[in-house]
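Colleague: A structural model of the following input is requested.
(2 chains)
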Amino acid sequence: MDPISALKLGSFVGAAIAVGLGSLGAAIGIGIATARAVEAMMRQPKAAGTITRVLLIGIAVAESPAIFALVVAIILIFNPGNPGNTAHVMGLLGAGISIGIGTIGSALGEGYTAGHACESVGRQPGNEVSVVRTMLLGQAVAESPAIFSLVVAMLLIFINVSDSFVHIIAMLSAGFCMGIGASPAGIGEGFAAGMASKNVARYPQSAGIITRTMLVGQAVTESTAIYCFVVAMCIIYLT
Amino acid sequence: MTITGAEIIRAAAVLAAGFCMGFSCLGPGIGEGYACGKAVEAIAKEPQQAGPITRTMLVGQAVTESPAIYALVIALLLLFVVK
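Modeller: Residues are numbered from 1 along each chain as shown, chains lettered A, B, ... in the order given. From the prediction side, this is the model:
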């Protein structure tokens, strides 16, 4: 295969993987959030305005991992770099895998958080401010595995590596490591954030300790994504 | 491009390290998040029991973390010790 076709193959297939898998989590997560919001509106029609407001804030955040994937896909299509290096072509594929699989979990988790926030705002419309605050804090932490995936994807696109067989495999391996490793941490953190938003509305007097426990637990959950990030960095830079 | 046997072994070790670390986080990531969510729920219901609940959550998460740490050790061995 001539070098230009190989580069195009890598960039186009990488972009397809990035957007194809990256939109999967966001679609399911936003679907869950909207379903819970509709259910909450059915139960409390008077709170429909508040629920819609919380839903729109929540799904805007849950959409952001899919937007990361879209940005990486656009970079892959329009700025794939110079042809002639097989390791670079594999890096483009690896970037697509990293951001594609890595954003599934974050988006799912954030959608779950938004759903619980809508439901609890429907029950206690007076606690809207504290629920939205907890939801956004939890979603911000659940976003971080997707950000790790984005960093690794950008590195895989723009790094200069020598064209050896080990580097060709290493680019793919780093993408899989970060992508698969980031996803479950996002789901777990989203679940924790969802429980916190639900209970902040029900027990507003213990909002402080709920938020603190949520952040401590999420920090421990984050460590698995950090291990994957460290190993992916070692694979990229030290092979 | 000619590929030597040593290069194939090195490439296999690198690929194995990536898959090892990635797949091993599937369980701990979801499990620790679930434990945290349930602990948050329990603390919201019984705020005066916050100390023991947080302690139990952290102990449970530390044990849940161990598979990921095993995989980290194996991945680093594959990357830096296997030649």
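Colleague: what's the spacing between the residue in chain B that chain A sits nearest to and A:S223?
Modeller: The minimum distance from chain B to chain A, using C-beta to the nearest C-beta, falls at B:G33 (1.8 Å). (C-beta placed from N, C-alpha, C; glycine too.) Distance, B:G33 to A:S223, using C-beta to C-beta, to the nearest Å: 12 Å.
Colleague: Over to A:F12?
Modeller: Distance of A:F12 to A:S223, given as C-beta to C-beta: 36 Å.
Colleague: Also A:A185?
Modeller: 8 Å.
Colleague: doesn't B:P67 make contact with B:P28?
Modeller: Yes: using C-beta atoms under 8 Å, B:P28 is in contact with B:P67, at 5.8 Å.
Colleague: more neighbours, the two?
Modeller: B:P28 (27 against 16; other C-beta atoms under 10 Å in any protein chain shown).
Colleague: Helices along chain A, start to end?
Modeller: With DSSP state H as the criterion, chain A has helices at A:3-43, A:48-78, A:86-123, A:128-158, A:165-202, A:207-238.
Colleague: Would you mind giving those as JSON lines with mean neighbour count and mean pLDDT added?
Modeller: Listed next are the helices of chain A as JSON lines, based on neighbours: other C-beta atoms under 10 Å in any protein chain shown; pLDDT from 0 to 100:
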{"stretch": "helix A:3-43", "mean neighbour count": "20", "mean pLDDT": "94"}
{"stretch": "helix A:48-78", "mean neighbour count": "21", "mean pLDDT": "94"}
{"stretch": "helix A:86-123", "mean neighbour count": "30", "mean pLDDT": "94"}
{"stretch": "helix A:128-158", "mean neighbour count": "23", "mean pLDDT": "94"}
{"stretch": "helix A:165-202", "mean neighbour count": "30", "mean pLDDT": "94"}
{"stretch": "helix A:207-238", "mean neighbour count": "23", "mean pLDDT": "93"}
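Colleague: For the residue nearest in space to the middle of chain B, give me the pLDDT.
Modeller: By C-alpha atoms, centre = their mean, the mean C-alpha position of chain B lies nearest to B:A68, the distance being 2.1 Å. pLDDT, B:A68: 95.
Colleague: tell me the contacts of it?
Modeller: A:223-224, A:227, B:24-25, B:28 (C-beta atoms under 8 Å, 6 or more residues apart in numbering or on different chains).
Colleague: Can you give the distance from the helix ranked longest in chain B to the centre of its chain?
Modeller: Under DSSP H, the helix in chain B containing the largest number of residues is helix B:50-80. Relative to its parent chain, helix B:50-80 has a centroid offset of 6 Å by C-alpha atoms, centre = their mean, to the nearest Å.
Colleague: got the buried residues for that helix?
Modeller: In terms of neighbour count (16 or more other C-beta atoms under 10 Å in any protein chain shown), helix B:50-80 has its buried residues at B:50, B:53-54, B:57-58, B:60-61, B:64-65, B:67-68, B:71-72, B:75-76, B:78-79.
Colleague: Is it correct that B:L58 is in contact with A:V220?
Modeller: Yes: using C-beta under 8 Å, B:L58 makes contact with A:V220 at a distance of 7.0 Å.
Colleague: show me the contacts for B:V40.
Modeller: When contacts are counted by C-beta under 8 Å, 6+ apart, B:V40 touches A:192, A:195-196, A:199, A:210, A:213-214, A:217.
Colleague: cool, A:A40 as well?
Modeller: When contacts are counted by C-beta under 8 Å, 6+ apart, A:A40 touches A:47, A:51, A:118-119, A:121-123.
Colleague: OK, now which residue of chain A is nearest to chain B?
Modeller: Closest point on chain A to chain B, by C-beta to the nearest C-beta, is A:G188, at 1.8 Å.
Colleague: A:S173 touches B:A13, doesn't it?
Modeller: No: in this structure, A:S173 is not within contact of B:A13 by C-beta under 8 Å, at 9.5 Å.
Colleague: tell me the contacts of A:T221?
Modeller: The contact partners of A:T221, by C-beta under 8 Å, 6+ apart, come to A:185, A:188-189, A:192, B:28-29, B:32-33, B:36, B:61.
Colleague: so who does B:V14 touch?
Modeller: A:166, A:169-170, A:173, A:235, A:239, B:78-79.
Colleague: Equivalent analysis for A:M90, please.
Modeller: A:10, A:167-169, A:171-172.
Colleague: Looking at the residues you listed, spot the one nearest A:A153.
Modeller: Nearest to A:A153 among the contacts of A:M90 is A:M171, at 11.1 Å by C-beta to C-beta.
Colleague: Can you give me the buried ones in stretch B:15-28?
Modeller: Under the neighbour-count criterion of 16+ other C-beta under 10 Å, stretch B:15-28 has B:15-22, B:24-26, B:28 buried.
Colleague: residues contacting the closest residue to A:V121 other than its chain neighbours?
Modeller: Residue nearest to A:V121 in three dimensions, not counting chain neighbours: A:V54, with 4.8 Å by C-beta to C-beta, 6 or more residues apart in numbering or on different chains. For A:V54, the contact set (C-beta under 8 Å, 6+ apart) comprises A:37, A:114, A:117-118, A:121, A:128, A:131-132, A:135.
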